[in-house]
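Peer 1: return atomic coordinates for the entry below.
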Amino acid sequence: MAPDFLFTSSGICTSGFAALYMLPERVDEARKTLEAAVDKASEAVTEGRDAVKGVRTSTVEKNDLGVAIRTVGEELAADNKEF
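Peer 2: Okay, the predicted model is just below:
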């Protein structure tokens, strides 16, 4: 995710600078460029949010696995069985 996000961010900045250089002569073209940059930024935010959500989900799943392993260990110890 990090490299994609960095490339996307760089592209958005480049589009913003391009739009600035178009002003004031080419207002319509600058507006379209800025609108496209805003769309890309929105997509990047959504992608980042989904990635963070995935990391959080992954952490929860790992924690559940840890709890499950500890529970099995405790049960085996309580039953005095060898694994």
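Peer 1: could you say what helices and strands the longest helix along the chain packs with?
Peer 2: Identified as the longest helix of the chain according to DSSP state H is helix 27-79. Under the contact criterion of 3 or more C-beta pairs under 8 Å, 6 or more residues apart in numbering; DSSP states H and E, helix 27-79 touches helix 2-22. C-betas here are computed from N, CA, C, even on glycine.
Peer 1: on that earlier part again, relative to helix 2-22, how tilted is the longest helix of the chain?
Peer 2: If you take axes from the mean of the first three to the mean of the last three C-alpha atoms, to 10 degrees, helix 27-79 sits at 160 degrees to helix 2-22.
Peer 1: where does this protein have low pLDDT?
Peer 2: 1-3, 56-63, 81-83 (pLDDT under 70).
Peer 1: grab the most central residue of it for me.
Peer 2: What sits nearest the mean C-alpha location of the chain, by C-alpha atoms, centre = their mean, is residue 48, with 2.3 Å.
Peer 1: contacts for stretch 8-25, please.
Peer 2: 29, 30, 31, 33, 34, 36, 37, 40, 41, 43, 44, 47 (C-beta atoms under 8 Å, 6 or more residues apart in numbering).
Peer 1: surely the last one touches residue 4?
Peer 2: Yes: with contact defined as C-beta atoms under 8 Å, residue 47 counts as touching residue 4 (7.3 Å).
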